[in-house]
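**Student:** predicted model follows, preceded by the sequence.
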Amino acid sequence: MTNTHEVFNQVPPRVDVDEFGANIPLVEAVRHYDAAWALGDLTRIGRYVGTPEIQHDAERANRIEPELRTHDSHGNRIDEVEYDSSYSRIIGAAVAAGAHTSAWADPRPGANVARAATFMLFAQVEPGHACPISMSHSVVPALAASPTLAERWMPRLLSRDYDGRLFAGKTSALFGMAMTEKQGGSDVRANTTAAVPAGDGTYRLTGHKWFCSAPMSDGFLMLAQAPAGLSCFLVARMQVDGTRNVFRIQRLKDKLGNRSNASSEIELDGTVGELVGEEGRGVKTIIEMVSRTRLDCIYGTTAGMRQAVAEAAWHVRHREAFGRLLVDQPAMTAVVADLALESEAATATALRLARAHDEDANPSEIAFRRLATAVSKYWICKRGPEHAYEALECLGGNGYTEAFPLARRYREQPVMAVWEGSGNVIALDVLRALSREPDSYDAFDAEVGLAAGASATFDAHLASTRRLVHEVMAAETDAASRQARRLVAELALGLQASLLIRNAPSAVSDAFIESRLGADRAHLYGELSASADLAGILTRA
């Protein structure tokens with residue numbers, strides 16, 4: 001009988017890889033931005049997330065989806081979401097590694113850099129769990145507006161224990177956030193959820209939230225209309241007396257992207273909420289949480305880019321076509337090298353921003369991060385989906401199947417561009433920063449200008465961007481808005497190019513500048529010029 005099933009020319013599984021050590025740009029950035037003290041921990045994490053066991057858990061967590069249980073077997077309303085044990089293992093490991101709040105627990109130079117690298121290593125393998133991890137990190141500065149609440153919740157947030165159950169006396173906690181409503185979307189001031197003082201220092205919230213991610217979190221920040229206006233409230237799933245707060249999960253969203261993390265619609269009906277910050281100042285109170293979550297969107301997209309490059313590079317180095325390895329086919333070499341350029345530029349930007357968020361940041365660094373975070377969130381997150389698609393295509397038909405991780409990644413990348421401010425919202429936020437906080441542009445421009453003189457092409461881009469800033473800021477509101485996206489893109493490219501000129505090998509910076517800033521800018525990945533040092537770029541991929 002003829003054997004028709006001999007398997008050959010298939011790529012071996014990409015497992016047992018040190019995902020940290022293999023990511024040369026990440027290792028270099030960790031060293032450069034004062035986090036070398038974390039290299040040992042990051043190496044251990046890198047080896048852990050490269051094991052076949054966690055990769056199997058990542059696949060399983062997205063195949064066995066969370067299940068909503070509104071009532072128990074006796075008819076009691078419980079509003080719980082049941083996750084597969086694979087999800088619990090991943091998020092438990094991320095919490096144990098401090099991916100959520102390590103930078104707050106041990107603030108020092110490079111703390112946010114180490115935490116960013118930890119977050120990115122876990123998110124590279126499984127992004128769904130990163131949502132509650134990110135929100136738990138981001139809630140800390142918002143809680144500072146209410147010292148009494150911070151005193152009660154901070155020990156639980158800083159804990160490295162994980163328990164996904166809801167029960168009284170729990171010593172650890174994860175947080176979520178719920179702002180958007182059916183009628184509002186990004187226009188949070190259109191929120192209709194009402195908050196009525198209960199006379200005991202708490203409020204009773206009644207209304208709905210159209211998106212509430214990770215509904216099994218222990219606490220949430222929410223916006224609601226109090227007597228003095230839109231205010232921020234902490235809503236706990238379990239009340240101090242051990243009873244369940246009213247938190248009715250109406251349904252789980254059938255969403256694009258990861259399937260491991262539940263996103264839901266909830267109803268509040270006399271739900272107990274505690275005021276965070278001042279009544280009527282809800283947006284001001286919650287905005288720091290939003291800003292930090294936006295930063296994690298950059299990390300998440302960057303982690304996805306790294307996964308995409310790693311998988312594509314692995315595939316082309318092991319698969320043959322037309323008589324030689326794919327990596328030796330010039331057209332394919334150019335594509336993977338270009339994908340690596342994008343990934344390295346995002347990594348350099350993400351870690352630079354992380355360092356600017358450390359506790360020792362001076363006023364100039366704080367001003368820089370105000371503008372640079374928004375600019376980078378817009379650009380990097382928008383580049384994510386196209387990057388994932390191009391990497392997926394490198395795998396051919398295999399990449400299009402759910403048996404390989406890039407199909408999951410392709411579905412996941414758009415969420416970081418949508419969440420915490422879609423493109424137009426972020427672009428308009430950049431215009432507001434330029435108008436209201438001119439010191440943020442001064443600091444941003446000073447950072448970018450550190451690379452002046454190294455490249456005529458870069459210098460020309462820097463000059464044209466400066467002219468564009470002044471033109472847009474002098475224009476009428478509507479005219480400025482129409483130019484906002486173009487302006488933000490040019491600012492982002494200038495920052496990335498400057499960082500690569502100063503910190504990356506010339507093979508990387510030269511190719512990036514020519515393909516992103518030059519007169520003949522590339523339209524799609526793989527259009528690098530004949531002079532680009534593809535081998536030099538790929539040695540870092």
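**Tutor:** Cool, the structure landed. Computed from a prediction, not measured in an experiment: that's the story for all the values here.
**Student:** all strands for the stretch 51-200 of the chain, in order.
**Tutor:** The residue ranges that make up the strands of the stretch 51-200 of the chain, judged by DSSP state E, counting those that start in this stretch, are 67-71, 77-82, 175-178, 194-197.
**Student:** please name every helix or strand in contact with the second one.
**Tutor:** It stands for strand 77-82. strand 67-71, strand 248-252 (3 or more CB pairs under 8 Å, 6 or more residues apart in numbering; DSSP states H and E). (C-beta placed from N, C-alpha, C; glycine too.)
**Student:** deepest in the core, which of those is it.
**Tutor:** Of all these, strand 248-252 carries the top mean neighbour count, a mean of 15, counting by mean count of other CB atoms under 10 Å.
**Student:** quick one, that one and strand 67-71 angle?
**Tutor:** 150 degrees (axes from the mean of the first three to the mean of the last three CA atoms, to 10 degrees).
**Student:** for strand 248-252, list the C-alpha coordinates in PDB.
**Tutor:** The C-alpha coordinates for strand 248-252 follow below in PDB (Å, rounded to 0.1, in the frame of the first residue of the first chain):
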ATOM      1  CA  ARG A 248     -25.600  42.200  36.300                       C
ATOM      2  CA  ILE A 249     -23.800  40.800  33.400                       C
ATOM      3  CA  GLN A 250     -26.300  41.000  30.500                       C
ATOM      4  CA  ARG A 251     -24.200  39.200  27.900                       C
ATOM      5  CA  LEU A 252     -20.600  38.600  26.800                       C
END
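**Student:** could you give the angle of that strand to strand 77-82?
**Tutor:** 40 degrees.
**Student:** what comes up buried for the following helix or strand past strand 248-252?
**Tutor:** Proceeding N to C from strand 248-252, the next assigned helix or strand is strand 263-276, under DSSP states H and E. Using 16 or more other CB atoms under 10 Å as the test for burial, strand 263-276 gives S263, S264, E265, I266, E267, L268, T271, V272, G273, E274, L275, V276.
**Student:** average pLDDT across the following helix or strand past strand 263-276?
**Tutor:** Using DSSP H and E, the helix or strand that follows strand 263-276 in sequence is helix 282-318. Averaging pLDDT along helix 282-318 yields 95.
**Student:** got the buried residues for helix 282-318?
**Tutor:** Quick answer for helix 282-318 (16+ other CB under 10 Å): 282-283, 285-286, 288-316.
**Student:** sheet partners, orientation included, of the worst-scoring helix or strand of the chain on mean pLDDT?
**Tutor:** Every helix and strand of the chain was ranked by mean pLDDT, DSSP states H and E. The lowest is strand 320-321, at a mean of 90. Using DSSP bridges, strand 320-321 pairs in its sheet with strand 324-325 (antiparallel).
**Student:** count the residues that sit near the nearest residue to E279 once chain neighbours are set aside.
**Tutor:** Nearest residue to E279 in three dimensions, chain neighbours excluded: A228, at 4.2 Å (CB to CB, 6 or more residues apart in numbering). Applying other CB atoms under 10 Å, we find 12 other residues in the vicinity of A228.
**Student:** do you know how far A228 is from G21?
**Tutor:** 53 Å (CB to CB, to the nearest Å).
**Student:** likewise R521?
**Tutor:** For R521, the distance to G21 - CB to CB - is 34 Å.
**Student:** end to end, how far does stretch 449-456 reach?
**Tutor:** End-to-end distance for stretch 449-456: 13 Å, by CA to CA, to the nearest Å.
**Student:** then stretch 434-442?
**Tutor:** 9 Å.
**Student:** got the buried residues for that stretch?
**Tutor:** Going by 16+ other CB under 10 Å, stretch 434-442 has these buried residues: L434, S440, Y441.
**Student:** with stretch 379-390 instead?
**Tutor:** So, applying 16+ other CB under 10 Å, buried residues of stretch 379-390: W379, I380, C381, K382, R383, G384, P385, H387, A388, Y389, E390.
**Student:** for stretch 395-412, same thing?
**Tutor:** Buried, per 16+ other CB under 10 Å, within stretch 395-412: L395, N398, G399, F404, P405, L406, A407, R408, R409, Y410, R411, E412.
**Student:** contacting residues for the first one?
**Tutor:** The contact partners of L395, taken as CB atoms under 8 Å, 6 or more residues apart in numbering, are E311, A312, H315, F404, L406.
**Student:** from G164, how far out is it?
**Tutor:** 33 Å.
**Student:** again with G323
**Tutor:** Distance of G323 to G164, computed by CB to CB: 52 Å.
**Student:** circling back to that earlier point, make a markdown table from the buried residues of stretch 379-390 and add distance to G110, pLDDT and secondary structure to it.
**Tutor:** Formatted as a markdown table, the buried residues of stretch 379-390 follow (distance: CB to CB, whole Å; pLDDT from 0 to 100; DSSP: H, G, I helix; E, B strand; the rest coil):
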| residue | distance to G110 | pLDDT | secondary structure |
| --- | --- | --- | --- |
| W379 | 25 | 98 | helix |
| I380 | 21 | 98 | helix |
| C381 | 24 | 98 | helix |
| K382 | 28 | 97 | helix |
| R383 | 26 | 97 | helix |
| G384 | 26 | 97 | helix |
| P385 | 31 | 97 | helix |
| H387 | 27 | 98 | helix |
| A388 | 29 | 98 | helix |
| Y389 | 34 | 97 | helix |
| E390 | 33 | 97 | helix |
